[in-house]
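Engineer: Predicted model and sequence below, questions to follow.
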Amino acid sequence: MNYILMGPPGAGKGTQSKKIVEKFGIVHLSTGDMFREAKKSDEVISKLLASGQLVPDEIVVNMAKKRLEKDDVKKGFLLDGFPRTVNQAQELDKMLKSENMKIDAVFFIDVCFEEAVKRISGRRVCSCGASYHVDFIPPKVEGKCDGCNCELIQRNDDKENVVRDRLDVYEKQTRPLIDYYKSTGLLVNIDGLKSESEVFEDIKNAS
Ligand code: AMP
């Protein structure tokens with residue numbers, strides 16, 4: 001199965017992605033993860049990510065195209081964070097058509113603006129990949145990872161002013177995609193204010 005996971009920053013896409021790919025045995029394709037890796041050696045990408053702005057469509061589309069040409073996606077994939085503009089969605093449609101592939105469902109997890117700000121600005125991460133929240137999932141020792149005891153950090157783009165800019169970008173550039181996928185009949189609305197396990201249940205029930 002091939003799925004798209006959409007939603008504003010803070011909707012819980014990262015958490016749900018892990019559960020979905022494990023449950024369905026499919027590949028997780030996160031453009032955000034790819035750009036976080038790329039920013040280590042690319043100053044332009046690094047600046048865009050730090051400011052919460054989108055990377056230009058042409059760069060994203062080329063990167064996604066290369067990734068979708070790899071063999072492992074044949075077992076199914078979950079697109080997380082891509083497409084993010086109507087133009088990217090149209091380019092994705094062309095790519096899939098040329099590879100004889102299709103999307104089976106687009107899960108749209110929605111949360112309101114203030115909830116998203118609260119969730120992301122409290123997030124703390126460890127270099128081992130573990131993620132915490134100062135109020136909702138606090139580590140046992142403040143500022144330290146439960147697993148490896150390393151110092152937890154706040155991602156630059158999780159700082160409150162950048163979060164508000166990211167949400168603004170989302171409203172203007174990504175929200176129009178909801179209508180795009182509604183018109184294809186692929187859109188599944190998921191209430192992101194429910195608990196993590198309830199959201200996952202809703203996704204499973206709709207898949
Ligand atoms: P994410 O982890 O999905 O929130 O992505 C982190 C950052 O990577 C975003 O704020 C953008 O700067 C960039 N990014 C990820 N996916 C895309 C995309 N599809 N189009 C443009 N920029 C993207």
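Structural biologist: Noted; the coordinates are in hand. Model, not experiment: these values are computed from the prediction. Numbering: from 1, shown residues only.

Engineer: Could you find the closest non-adjacent residue to residue 63?
Structural biologist: Closest residue to residue 63 apart from its sequence neighbours, by Cβ to Cβ, 6 or more residues apart in numbering: residue 34 at 6.1 Å. Where you see a C-beta, it was placed from the backbone N, CA and C, and this is true even at glycine.

Engineer: Is the one you found in a helix, a strand, or coil?
Structural biologist: For residue 34, the assignment made with DSSP: H, G, I helix; E, B strand; the rest coil gives helix.

Engineer: wait, it sits on residue 67?
Structural biologist: Yes. The pair residue 34 / residue 67 is scored as a contact, 7.5 Å apart, by Cβ atoms under 8 Å.

Engineer: List phi and psi for the residue of the chain most remote from its centre.
Structural biologist: Each residue of the chain has a distance to the centre, and by Cα atoms, centre = their mean the biggest one is for residue 141: 28.1 Å. The phi and psi values for residue 141, taken as degrees, to the nearest 10, are phi -110, psi 130.

Engineer: out of everything not next to it in sequence, what's closest to it?
Structural biologist: Of all residues not flanking residue 141 in the chain, residue 149 sits nearest, at 8.0 Å (Cβ to Cβ, 6+ apart).

Engineer: give me the element the one you found is part of.
Structural biologist: Assessed by DSSP states H and E, residue 149 sits outside every helix and strand.

Engineer: Relative to the ligand, how far out is it?
Structural biologist: Distance check for residue 149 against the ligand: by Cβ to the nearest ligand atom, to the nearest Å, it reads 26 Å.

Engineer: Thanks a lot, see you next time.
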